[in-house]
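Participant: coords below, sequence missing:
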């Protein structure tokens, strides 16, 4: 059992470190509100992860099932939201900046904490990367733990939450510290374009799956 848990820890750590949509969301929270923003963004994306973990548990319990076509369709729907989020990032990158010395007095924060958390949750829920992980990689680990479905699911969920908070918070804070106003605009513009491309690709794959 320990070897399975060790393999799961390594798998989750690599998965979280690999660049993906959530990294930019956490970086945005850290850049806007510091550690509090990063932590709140991680909490929101983690809540979305718990939704998919619950779906995986229901599937393993036989309460629900998921076919390859449905999985592709779900990633397609998620892709549409990512494309929308990418457009918003692109627009934010093109928005004129105010002189830094007077920015706090002249402009309110671009997003409230609540709105930022809601956006982070929906990006987490829509991320094709997360959907594929929880629906395809998580179930085999639960089966190999020999702990029973519920204890195994709870154990892997606890490991996931711990690594998720530690790695993504550190990741987001580290990326945010590298940003200057000029780099911020470039990062948001490039990331927005990448989100749109990936989102439209996932959406096209979902449409093909439904029409075949």
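Facilitator: Yes, it's here. Just so we're clear, the structure is a prediction, and the values are computed from it rather than from any experiment.
Participant: residue 84 sits in which helix or strand?
Facilitator: Element membership of residue 84, judged by DSSP states H and E, is helix 68-94.
Participant: lowest-scoring secondary structure element of this structure by mean pLDDT?
Facilitator: helix 100-106 (a mean of 40; mean pLDDT, DSSP states H and E).
Participant: show me what secondary structure element comes after that one.
Facilitator: As assigned by DSSP H and E, the chain's next helix or strand after helix 100-106 is helix 113-126.
Participant: tell me which residues in that next one are buried?
Facilitator: 116, 117, 119, 120, 121, 122, 123, 124, 125, 126 (16 or more other Cβ atoms under 10 Å). For every residue, glycine as well, the C-beta is placed using N, CA and C.
Participant: please report how far the closest residue to residue 51 other than its chain neighbours lies from residue 81.
Facilitator: Counting by Cβ to Cβ, 6 or more residues apart in numbering, residue 51 lies nearest to residue 125, which is 6.2 Å off, once chain neighbours are set aside. For residue 125, the distance to residue 81 equals 8 Å [Cβ to Cβ, to the nearest Å].
Participant: cool, and residue 169?
Facilitator: Relative to residue 81, and taking Cβ to Cβ, residue 169 is found at 23 Å.
Participant: could you do residue 157 as well?
Facilitator: The gap separating residue 157 from residue 81 is 24 Å, by Cβ to Cβ.
Participant: just residue 135 next, same as before
Facilitator: 17 Å.
Participant: same deal with residue 186?
Facilitator: Distance of residue 186 to residue 81, given as Cβ to Cβ: 24 Å.
Participant: higher neighbour count, these two?
Facilitator: Neighbour count, other Cβ atoms under 10 Å: between residue 186 and residue 81, residue 81 has more, with 20 against 13.
Participant: pLDDT at the closest residue to the more buried one other than its chain neighbours, what is it?
Facilitator: Nearest residue to residue 81 in three dimensions, chain neighbours excluded: residue 126, at 3.9 Å (Cβ to Cβ, 6+ apart). If you check residue 126, the pLDDT there is 81.
Participant: ok, now residue 68?
Facilitator: According to the prediction, residue 68 has pLDDT 57.
Participant: any chance you could map the helices in this protein?
Facilitator: Ranges of helices within the chain are 2-17, 21-60, 68-94, 100-106, 113-126, 128-132, 138-144, 149-177, 181-211, based on DSSP state H.
Participant: mean pLDDT for these: which is lowest?
Facilitator: When these are ranked by mean pLDDT, helix 100-106 comes last with a mean of 40.
Participant: what is the neighbour count of the closest residue to residue 46 other than its chain neighbours?
Facilitator: Nearest residue to residue 46, sequence neighbours excluded (Cβ to Cβ, 6+ apart): residue 164, at 5.1 Å. Residues near residue 164, counting by other Cβ under 10 Å, number 20.
Participant: residue 164 and residue 42 touch, don't they?
Facilitator: Yes. Assessed by Cβ atoms under 8 Å, residue 164 is found in contact with residue 42 at 6.7 Å.
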